[in-house]
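> the amino acid sequence is not available; the structure is as follows:
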């Protein structure tokens, strides 16, 4: 019997399928991309992502009915959860294999009509239909903070809000939010204080 590429998981009483990074075929694709010189940040499941996915399931109104683009999607489950809630879905990442694997994961979850946009979210041009952008843990150093800031400035100019969930690693996320404070609305996340850098912070910019 052929081993499936995905494993069944449950979040908030709902069933999902998540890519199995221990599957030899998945592992080989990731290693090949790393060998080709692509910096890979999607080769494991981050517990923070699951916390945020559960938060989205508890607050579906944040995404429901939107034409959603997930920036820096990798193979994170936030694209799957967001895709179930959204009206339409686009995914973006600069790693081509990540996008291919995410499409497989989305298809396993019944989400087949998805458009992929390969490239840096710092240079991302939004499709005209998109009315909400989601970024989950895409700020983790100065370079990614700069790319996210460039994305946010373009989204603001286009009148498209951005929903961000992040940890404040090295203070990069908080400094970014300070620079855009007049456009930023903090969304209460269970167990997180505004000065707690070790917990998830959720904000809407625009």
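Arrived safely, thanks for sending. Remember, predicted model here, so these are calculated numbers, not experimental data.

> in the lowest-mean-pLDDT helix or strand in the chain, which residues are buried?
Using mean pLDDT, DSSP states H and E, the weakest-scoring helix or strand in the chain turns out to be helix 24-35, at a mean of 84. Neighbour counts over helix 24-35 (16 or more other CB atoms under 10 Å) mark 26, 29, 30, 33 as buried. C-betas here are computed from N, CA, C, even on glycine.

> just after the helix ranked longest in the chain, pick out the following helix or strand.
For the chain, the helix with the greatest residue count under DSSP state H is helix 142-158. For helix 142-158, the following helix or strand on the C-terminal side (DSSP states H and E) is strand 162-166.

> which residues does that next one contact?
48, 52, 55, 62-63, 78, 132-139, 148, 151-152, 155, 173, 189, 200-206 (CB atoms under 8 Å, 6 or more residues apart in numbering).

> hang on, the earlier thing: and the least confident helix or strand of the chain, what does it pack against?
helix 96-108 (3 or more CB pairs under 8 Å, 6 or more residues apart in numbering; DSSP states H and E).

> the helix it packs on - what's its average pLDDT?
When pLDDT is averaged over helix 96-108, the result is 95.

> same for the host helix or strand of residue 176, what does it pack against?
For residue 176, the host element (DSSP H and E) is helix 172-179. In terms of contacts (3+ CB pairs under 8 Å, 6+ apart), helix 172-179 is packed against helix 142-158, strand 201-205.

> list the buried residues of the first one.
By that I understand helix 142-158. The neighbour-count check on helix 142-158 (16+ other CB under 10 Å) flags 144, 145, 147, 148, 149, 151, 152, 154, 155 as buried.

> give me the contact list for that helix.
Contacts with helix 142-158, where a contact means CB under 8 Å, 6+ apart, come from 71, 120-126, 133, 135, 138-139, 161-162, 164, 170, 172-173, 175-176, 179-180, 183, 205-206.

> picking that back up, how far is the least confident helix or strand of the chain from where the chain is centred?
The chain centroid and the centroid of helix 24-35 are separated by 21 Å under CA atoms, centre = their mean, to the nearest Å.

> what angle do it and helix 96-108 make?
Here helix 24-35 points in a direction 150 degrees away from that of helix 96-108 (axes from the mean of the first three to the mean of the last three CA atoms, to 10 degrees).

> cheers, nothing more for now.
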